[in-house]
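Colleague: Pasting a predicted model and its sequence here:
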Amino acid sequence: MSKKFEIVAYEDATPQFYKEIGFKAGLEVHQQLDTEKKLFCRCPAGLYSEEHDAAIIRHMRPTLSEMGTYDGTALMEFKKQKEVLYLLKDESVCTYEMDDTPPFLINEQALEYAIKIAQMFGCEIVGEVHIMRKQYLDGSIPTGFQRTAIIGLDGEIPLSDGRVVRVTQLNLEEDACREVSDIGHRITFRTDRLSMPLIEVITDSSIDSPQMAYEVARRIQALTRASGLVRRGIGASRQDVNGSVAGGSRVEIKGVPRIPMIPKLLHYEAVRQKIFLELKDEIARRGILGADSISFVELTANPTVLKIPIFARAERVIGVLVRDFEDLFTVPIQPGRTFADDVSSIVRVVACMDQTPNIIYSPRPDVGGPDETQWRKLRSDVGARDGDLLVLVWGNHRDTEIAAGEVRDRIMAAKDVGVPNETRKAHTDGTTEFERVLPGPDRMYPDTDHPPIPLEGEYIEQLRAQLPDSPWDRERRWRNLGLSWQLIFDLIHERRGDLFDDLVDRTTFRPTVLAVAITQVPKHLVRAFGETAKENLSEEKIFALFAALNDIGAPQEALWDATRMLALGEEPEKIAANFKPLAEEEVAEKVAEIYNSRRGEIKSAEMEAKVRAVMGFAMRELRGKVPGDKLYRIVAKMVKNG
Amino acid sequence: MDAKNNPTGQDLRKGYKGAAESILREYGIRVWSETEIITKTGKFRGIVLPRAENTDDRHIVLKLPNGYNIGITVDDIVQMKEIGYRQAHYKIPEKEFPYDPSKPNVRLLGTGGTIASRLDYRTGAVIPAFSPGELYGAVPELAEIANIETEKLFAVFSENMGPEQYITLAKAAAKHIEEGVDGIVVGHGTDTMHHTAAALTYMLQDLPVPVVLVGSQRSSDRPSSDAAFNLLNATYTAARGDIAEVMVCMFGPTSDLYDLLHQGTRVRKMHSSYRSTFRTLGDTPLAMVNWRKGITPIKKDYRRRDKSRKVKLDAVFDDRVSLVYYYPAMKPDIIYSLIENGYKGIVIAGTGLGHVNKPLYPAIKRAINEGVHIFMTVQTLWGYAQMYVYDTGRDLMSLGVVPLGNMLPEVAYIKLGWVLGHTHKREEVIKMMTTPIARDITEREPYNGYLVYQGGLPEVQRFLKEYLR
C-alpha cells in the first residue's frame, strides 16, 4: 500500500495498486457522424473556419428541471455572470444555431446512423425517441441546452481478454461550439461546429484499470469507424473519462482529445482521490475544521494591504482565516499540483479571476504580493496563530465575495465529502484541473419544440439488415481467411474493409494477395506518383479492375502491375486486356526462346539451380501473364528435357 | 395520502389513452409512479411521466434515473411494477417580493404569454407563472428597479386575445393608473402584441404614465430566454421612463444589448421566431432601453410623464370588422360574403399604393351602399396609400373607399373596430379614422425610417462584422 499523501507515479503503478484503492472508471465517447447536414437545421456539417462574418452577445439564466428543481451546476454558472460572445460564419450558421429559430425536424440520416451504430453495439433500440434538453449554462450552446436523445440502451463491448464492458446508453445529440477564449467575464465561441450530429457512447463503470479504459476506448473507436458512418480527423471524436476510487466520487475528465492520454489521466485522478481521502482521514484524526474554524476578515482598508502592489487596483481584499490548516493546504495532489492549486482553479472558474495568482496564502514578493514582514503583520492583524491558514482573495466587490466563499466551501468539502463530484479539464502531462461542478439529472428537461419520434419495428429491422459486421466479428472472419494482424490493421486503417470483402466475394484471388494489393500497394503508388494516383485508385476503379482481371483469368501476380497502371490513369478495361493469360503453347514457345537465347549465361550444371535461373529470366518477361506455378512447371519440363 | 396526491380517473394516467392507458391501468401504474418495466428485450426503471396530448397510444414515457426520457413500446411490455411514487412539484421558487418605499410602483398585468412560465405535461407546452413571488424567484433583479404588484387578468395565448380582452385590459390599466401607480407593464404573448398595443392606444388616452407591453420570443423555460431582459427593461421603462405612451418593449438587435420602445400604433411583429422580431414601421422607434444604463430617446416629441394628467378610458369595440388582404384574382364573393354576414367595416390591405382589381368594384360599391365602411391600407407595410396616382386608386375613391395614409393594416383594423364602437355615421367614422392618434398616421415619413437591410450586400456584411447586433 502506498504511503500517506504519496503520489504514486504512473510508471510505478501495479495492477495491485488499482485493486487496493478500488479503482473504477467509465467512458463517454463522443463521435461526430458523417452526415451532410447538421442535426436540427439544414446547415452543412463539417465546415470549419477561423474567420467570422458577424458576432452576437448573449447571457444565460438557469431554468427549472422537469422535476421542479434547479441544477447545482446551473446555479454555479449563473454565479459567474458571464457575457457570451458568438462568432458566426455565413456558410455554417443559420438562425437555428443563433437560437433565433426553433429546431427543424431531426435529420433522418443522423437518426439512421445512430440507430445503426447502436445496433452494432448490440443495444436495445428505444420504442420512441424523446429529445431532451440538457442544460449547459457555460455558453457553449446558445440555447443554453444541448438537444440530446437516447437511441439505444444496454449494448456490449467484448475485450481481448474475454471480458465484456456494457454500453449503458447511446445518445444522439448536437455538438457544442468551439471555445475561442475565456477572459474575465467574457467567453467567446465559434459556432461552426455547433449542432453537428454526434453520438455519445456511455459505458458502465466496470473498467478496473487505466489500461483497460484504453482498450475500451480503442474498441469503441474501432466499431464506430467500422460502421463507416462517422467523421474522422481532429475533433471528430472526444472522450469524457469518469474515474473514482473506493470511498471517492465520480469525477469526470472532459474532452480528452486523444485516446493514448486516457490511462495517465485516470491514474492521476485516482491518485488525487486517494490523497483527498487520506486528507479527510487526517482532518478527522486531528479533529480540525469544526464550527467557526473558518472566518472572513475584511482587509480592504488594512494599512499593510494598502502598501502591497498586487492589491493596488482591488476594490476589495478579503482574508479567509482557517484554523490549523496551513500544512494541509499545500498537500500535493498530482505531480506539480497541490490542494491550493485546486482551490485556485475553482476561484478562477467561479469568480472569473483568471489572472494568477488569484489567491495568496504565503509571502509572495515575486508577484508583487506581501513580503515576509508584511505577511507576518497581516497574519497578526487577522489573529492567525501558528499553523493557521490565511488565504487572501481580491478583486471587484462581487467576485471577491464569491471567491472567499468558494475557498471556504472547498476546504470544508475536504472534511465533509473528501472528494467532491466535479468535472475536470485534462492537461497533456496527465494532470487535471477543476472545470465545474458535476451536473446531475436535474439539468434534463424535455424539448417541447420537437415531437417524440416513434421507431417502428419494421424500420429498425430494415436498418439491422444493412449493418456491417462489428469489428470483432470482422476481425475473426479475416483471421479465418488467413490475414495477418498487420493486414487486418491496414484494412481498417486504410478504410478498405468493404472493398476487401467485396473482392473476396467477387474474385478467386487469394485473400492475403488481395489485402496487400488494396492497402500496401496503393500506399506505395501514392507515395511515388502523388495525389492524382490517389484519385485513380478509387474503390470503384480498383474493384472494376480486379473483377476484370479475374474474369479474363489473369494470374494474381498481375494485380501489382495492373494497379500500377491504374495509378497512372489508365482505364480498368484496357489494363486488364494486357494481362490476358497466354495459352500453354504460347508460354512454352516463349520459354523456349528465352532458354535458347540465355543458355550461355547459366553456369550451374545442377538441375534445380538451372531451373531457378531460367525461371528468373522467364518471370521478368512473363510475370502477370501466366501464373507462377504454371510457368514453373513449363520451365522445369523444358530444362529437364534439355 | 392526501387527496391532492391521490387523484382519480384520468388524472392518474394523465395524457394516456387507448392501449397505453389500459396497460397502465392493468398493472396499477400511475403517472409519477417509479416503475420497473420488463419488456420482451430488457428491463427498464424510471418514473412514468404524463404523456403529451396529440401523441400516439402505443408508448409509455419513462424518465430514467439519469434524467433522460424514453418511450417504451406498449406491445413489448411484459410486466410493470410500481416501486415508488415521486410527483414533480414544478414550481419557480417563490420569494416574497421586497417592498422599498423609495422605489416607484409598477403594476404588472398578466394576459398569458411566456414572460415567466413552466411546462405543461399534458400539451408538452409552456404555461405561464406570474405571481410577484414567482417573478422575484425567477428574476430577482426586478426588485432593484421597482415595487411590483401583479394582477392576472387571463391566461391565454396571444392568438386568443380579442376585443373582450382588450376592454378588460384597458379598464384594469385605467383603474391602476387612477390609483396612482407609476407605470403599467402588460405581459403578453408576442403573436398579436401589436394588435393589443394598438387597441390600448385607442382605449387609454391622455396617459399620465407609461403603459408597456412586453413578451418573449424564447420562452422563459430556456436559459437563453429573452424574457428576463425584456421584463427588466419594460419594468424600468414603466417605473422610471419619461414616455407616457402605450409602447411595446422588445429586443432591438438579437444580442442582449438593448430593447427598443415602439409606439403602440406603429409596431409590428416581423419574424416568426427571431428575438428582435418587433419593428417600428413607417417611422423610427421611440427610444432604446437597457435597464442598467437607462433610456436613450430616438424621437424627441413624445408625451411626457405627468401624473397630474387624467387618463381617459374609452374602451369600446365593435367586432363586425374585417381585414382583407388583397391578392391578384381575388373574387368579389369575398366582399359579398362579408356584407351578407353583417360586417360593418372592412380594411383592405391593397397592393402598391392601395389597389385592388376591377372585378371587386361592384362588390365594393354594394358594400358601401349598404353602409359598410371600407378603408384602404397598403400591404407593402411601408409607405402611404396614395390613391391619386393611378386610375385604379381614383376609381376606388370614387366608389367611397377611403385611404388611411401610412396606417398599418392591423392598426387600421383595430382602430375601425374601436371607431365603430362609437358611431356608424359615415362622416364621423371617416373623420375619426383619418384623424391621427398617437402617430397611427404620420404626416412625414422620416427618410431614415425605412432601412430594410439586405443581407449579403458588402456594406451590410461589413456592418454585421463590425457591430454586435
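Modeller: Happy to help now that I have it.
Colleague: Contacts only, for residue B:198.
Modeller: Going by C-beta atoms under 8 Å, 6 or more residues apart in numbering or on different chains, residue B:198 touches B:264-265, B:410-411, B:414-415, B:440. Using the backbone N, CA and C atoms, a C-beta is placed for each residue, glycine as well.
Colleague: what pLDDT, on average, does stretch B:253-266 get?
Modeller: When pLDDT is averaged over stretch B:253-266, the result is 96.
Colleague: do the same with stretch A:391-402
Modeller: Stretch A:391-402 shows a mean pLDDT of 94.
Colleague: So for it, what gets flagged as buried?
Modeller: The neighbour-count check on stretch A:391-402 (16 or more other C-beta atoms under 10 Å in any protein chain shown) flags A:391-395, A:399-402 as buried.
Colleague: Please tell me how far residue A:140 sits from residue A:516.
Modeller: In this view, residue A:140 and residue A:516 are 46 Å apart by C-beta to C-beta, to the nearest Å.
Colleague: so how many other residues sit close to residue A:3?
Modeller: Around residue A:3 sit 8 other residues, with neighbours defined as other C-beta atoms under 10 Å in any protein chain shown.
Colleague: Not counting sequence-adjacent ones, nearest residue to residue 365?
Modeller: Went with chain A since none was named. Leaving aside its chain neighbours, residue A:365 sits nearest to residue A:371 (4.2 Å; criterion: C-beta to C-beta, 6 or more residues apart in numbering or on different chains).
Colleague: try again with chain B
Modeller: residue B:399 (5.2 Å).
Colleague: got a pLDDT number for residue 77?
Modeller: I went with chain A, as the question did not name one. 63.
Colleague: Correction: the question concerned chain B.
Modeller: pLDDT for residue B:77: 95.
Colleague: same deal with residue A:386?
Modeller: At residue A:386, the model reports a pLDDT of 96.
Colleague: now it: how far from chain B?
Modeller: Using C-beta to the nearest C-beta, to the nearest Å, we find residue A:386 at a distance of 43 Å from chain B.
Colleague: and what of residue A:427?
Modeller: Counting by C-beta to the nearest C-beta, the gap from residue A:427 to chain B is 28 Å.
Colleague: Would you mind confirming that that residue makes contact with residue A:341?
Modeller: No - the pair residue A:427 / residue A:341 is not scored as a contact, 11.5 Å apart, by C-beta atoms under 8 Å.
Colleague: which residues are common contacts for those two?
Modeller: Common neighbours of residue A:427 and residue A:341, using C-beta under 8 Å, 6+ apart, are residue A:433.
Colleague: For the stretch 251-400 of chain B, just list every one of the strands.
Modeller: Per DSSP state E, counting those that start in this stretch, the stretch 251-400 of chain B carries strands over the ranges B:259-263, B:267-269, B:278-280, B:287-290, B:294-297, B:312-313, B:321-325, B:345-350, B:373-378.
Colleague: what lines up beside the fifth one in the sheet?
Modeller: So the one you mean is strand B:294-297. Its sheet considered, strand B:294-297 pairs with strand B:287-290 (antiparallel) by DSSP bridges.
Colleague: Can you pull out the residues in contact with the strand it pairs with?
Modeller: B:233, B:236-237, B:241, B:243, B:249, B:252, B:257-261, B:295-299, B:302.
Colleague: for that strand, what is the average pLDDT?
Modeller: Across strand B:287-290, pLDDT averages out at 98.
Colleague: what does stretch A:164-178 give?
Modeller: Averaged across stretch A:164-178, pLDDT comes to 97.
Colleague: next SSE after the helix or strand of chain A with the lowest mean pLDDT?
Modeller: Scoring the helices and strands of chain A by mean pLDDT, DSSP states H and E places helix A:72-80 at the bottom, with a mean of 62. Sequence order places strand A:83-88 as the next helix or strand after helix A:72-80, per DSSP states H and E.
Colleague: what pairs with that following strand, and is each one parallel or antiparallel?
Modeller: Its sheet considered, strand A:83-88 pairs with strand A:54-58 (antiparallel), strand A:186-190 (parallel) by DSSP bridges.
Colleague: Following element in sequence after that strand, please.
Modeller: The helix or strand immediately downstream of strand A:83-88 is helix A:108-120, counting by DSSP H and E.
Colleague: Pull out the buried positions in that following helix.
Modeller: Applying a neighbour-count criterion of 16+ other C-beta under 10 Å, one finds A:109-120 buried in helix A:108-120.
Colleague: tell me the pLDDT at the residue of the stretch 101-250 of chain B found nearest chain A?
Modeller: Taking C-beta to the nearest C-beta as the measure, the point where the stretch 101-250 of chain B comes nearest chain A is residue B:223, at 2.4 Å. Residue B:223 carries a pLDDT value of 84.
Colleague: residues contacting the residue nearest to it when sequence neighbours are not counted?
Modeller: Nearest in space to residue B:223, with sequence neighbours left out and distances taken as C-beta to C-beta, 6+ apart, is residue A:144 at 2.4 Å. With contact set as C-beta under 8 Å, 6+ apart, residue A:144 has these partners: A:60-61, A:63, A:135-137, B:222-225.
Colleague: how far out from the middle of the chain is stretch B:368-377?
Modeller: 29 Å (C-alpha atoms, centre = their mean, to the nearest Å).
Colleague: actually stretch A:525-539, sorry about that
Modeller: Put simply, stretch A:525-539 sits 30 Å off its chain's centre (C-alpha atoms, centre = their mean).
Colleague: Could you do stretch A:581-591 as well?
Modeller: With C-alpha atoms, centre = their mean as the basis, stretch A:581-591 stands 57 Å off its chain's centre.
Colleague: returning to that earlier point: may I see the ChimeraX selection of the buried members of the contacts of strand B:287-290?
Modeller: In ChimeraX, this line selects whichever of the contacts of strand B:287-290 come out buried by 16+ other C-beta under 10 Å:
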select /B:233,236,237,241,243,249,252,257,258,259,260,261,295,297,298,299,302
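Colleague: thinking again about what came up before, take the strands paired with strand A:83-88 and write them to a markdown table, including mean pLDDT.
Modeller: Below are the strands paired with strand A:83-88 laid out as a markdown table (pLDDT from 0 to 100):
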| stretch | mean pLDDT |
| --- | --- |
| strand A:54-58 | 95 |
| strand A:186-190 | 95 |
